[in-house]
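>>> here is the input, now give the coordinates:
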Amino acid sequence: MCVGVPLQVIDCDEQFAVCEAEGRRERLNVMLVGQQPAGTWLLAFQGSAVRVMSEDEALQTRDALAALDAAMNGTDDFSAFFADLESREPTLPPHLVPPSKEAAK
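This is a model prediction of the structure:
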């Protein structure tokens, strides 16, 4: 399985960025996303930055990848990885919400 990993820019020039997260440091080609300032989160895939990510999206992605790793190692309690989902009721996306009876009249 191939999965992109969020990494944060430490230093960047026109072609390459030195990025790190979770003790992992990698040199990424930034030709697809352009030169980025330090602190920017990038989605890294096979040595290239494929897109810029918000910090919130990067942290949620890291939590999801940690949950995947935990599942592969036998963990069955995922509440620590998805705290944002634990405290709310699930909702349907707008295109799946059935029309109300009032709107049908």
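>>> C-alpha from now on. contacts and neighbour counts both.
Will do.
>>> tell me where the longest strand sits in this structure.
strand 5-12 (DSSP state E).
>>> wait, isn't A49 in contact with L42?
Yes: assessed by C-alpha atoms under 8 Å, A49 is found in contact with L42 at 5.8 Å.
>>> N73: how many residues sit nearby?
For N73, the neighbour count with other C-alpha atoms under 10 Å is 9.
>>> that one and A66: what is the separation?
Per C-alpha to C-alpha, to the nearest Å, N73 is found 11 Å from A66.
>>> and for V33?
26 Å.
>>> same question, M72
The gap separating M72 from A66 is 10 Å, by C-alpha to C-alpha.
>>> which one's more surrounded, the two?
A66 (14 against 10).
>>> packing partners for the helix or strand hosting the more buried one?
According to DSSP states H and E, A66 maps onto helix 55-72. Using 3 or more C-alpha pairs under 8 Å, 6 or more residues apart in numbering; DSSP states H and E as the contact test, the elements touching helix 55-72 are strand 5-12, strand 41-45.
>>> output those as JSON lines; include the columns mean neighbour count.
As requested, those are arranged in JSON lines below (neighbours: other C-alpha atoms under 10 Å):
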{"stretch": "strand 5-12", "mean neighbour count": "22"}
{"stretch": "strand 41-45", "mean neighbour count": "23"}
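>>> spatially nearest residue to the most centrally placed residue in the chain (excluding sequence neighbours)?
Nearest to the centroid of the C-alpha atoms of the chain, with distances taken as C-alpha atoms, centre = their mean, sits T61, at 2.8 Å. Closest residue to T61 apart from its sequence neighbours, by C-alpha to C-alpha, 6 or more residues apart in numbering: P6 at 7.1 Å.
>>> tell me who's in contact with the one you found.
P6 is in contact with 21, 41-44, 53, 58-59, 61-62, counting by C-alpha atoms under 8 Å, 6 or more residues apart in numbering.
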